[in-house]
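K.L.:
give me coordinates for this.
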Amino acid sequence: MADRMDEICAALREWDSPSLSNAIERLNLRPRDTGFTDPSIRNVVPAGRIAGVAVTVRTRARKAGDKGIDKNLLYEAIAAANGPAILVAEDDDDPPGLGALVGEVTGTHLLALGCVGVVTNGCVRDVDELEEMGLSVHALGPCVSHGYIRVTAVGVPVTVGGLRVEPGDLLHADKHGVLSIPREGAPKLPAIAEQIRIEETETITWVRSPAFSIGALLKR
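P.N.:
The predicted structure follows:
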């Protein structure tokens, strides 16, 4: 099963997120204004396109109250993921972003366990080191400290940048943002994206040709 997911994720990585979003629209599987993160989440640590299955956690970094749960539960969930893992962490602080769950040390652990990226409405630190190691991070932004960071739940539904994510959801991410991939349509998306690319290339070629005019455009 993991081999099949590796194959699907590899095929999805051949396409950028706008192309896959267009392909999802063709399948009419959900409303067009859902299924992706809003602009509050940006690609703080770029590492190319990623695709994988969501491992979800909730975190807090403010106030030294409760100690949260054993962080090993997070590592076990990453290691047990069916295919490449993407850690999706909802920061429950108000406002979020005081302290980082992921920096160079945790990022190194995540990569070694098969995690290809992190998505969080919180912040991240050690940006240069994470970029050098190739761990993609989509987050609110960078920060200085880890504060009193602790994991408060693993394997629960989370919402990051307006995108609701369930454990095991299939995700794709690049410099445009994070896109949720409907599993029932995932194997079809590359072929649909290729057809759309052909159609768009034909249109662009026509617009740049001598045949183009405002009159021709209005008729088309």
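
K.L.:
Cys115: how many residues sit nearby?
P.N.:
27 (other Cβ atoms under 10 Å). Quick note: C-beta positions are derived from backbone N, CA and C, even for glycine.

K.L.:
gap between the nearest residue to it once chain neighbours are set aside and Leu170?
P.N.:
Once flanking residues are discounted, Cys115 sits nearest to Ala85: 4.5 Å by Cβ to Cβ, 6 or more residues apart in numbering. Distance, Ala85 to Leu170, by Cβ to Cβ, to the nearest Å: 11 Å.

K.L.:
shared neighbours of these two, which are they?
P.N.:
Common neighbours of Ala85 and Leu170, using Cβ atoms under 8 Å, 6 or more residues apart in numbering, are 52-54.

K.L.:
which helix in the chain has the most residues?
P.N.:
In the chain, assigned by DSSP state H, the helix with the most residues is helix 189-207.

K.L.:
now Val178: closest residue in space, sequence neighbours ignored.
P.N.:
Nearest non-adjacent residue to Val178 (Cβ to Cβ, 6+ apart): Thr37, at 4.3 Å.

K.L.:
what's near enough to touch that neighbour?
P.N.:
So Thr37 contacts 119, 138, 160-163, 177-178 (Cβ under 8 Å, 6+ apart).

K.L.:
at 7 Å instead, please
P.N.:
Thr37 makes contacts with 138, 160-163, 177-178, as judged by Cβ atoms under 7 Å, 6 or more residues apart in numbering.

K.L.:
tell me the buried residues within those residues.
P.N.:
Buried members of those, counted by 16 or more other Cβ atoms under 10 Å: 138, 160-161, 163, 177-178.

K.L.:
output the residues you listed as a markdown table; include the columns secondary structure and pLDDT.
P.N.:
Rendered in a markdown table, the data for the buried ones among the contacts of Thr37 read as follows (DSSP: H, G, I helix; E, B strand; the rest coil; pLDDT from 0 to 100):
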| residue | secondary structure | pLDDT |
| --- | --- | --- |
| His138 | strand | 98 |
| Val160 | strand | 98 |
| Gly161 | coil | 97 |
| Leu163 | strand | 98 |
| Gly177 | strand | 97 |
| Val178 | strand | 98 |
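
K.L.:
mind listing the helices for the chain?
P.N.:
Remark: helices assigned in the chain by DSSP H are 2-12, 17-27, 72-79, 104-112, 127-133, 189-207, 214-219.

K.L.:
what angle do the fourth one and helix 72-79 make?
P.N.:
Yep, that's helix 104-112 we're talking about. Orientation check (axes from the mean of the first three to the mean of the last three Cα atoms, to 10 degrees): helix 104-112 against helix 72-79 gives 40 degrees.
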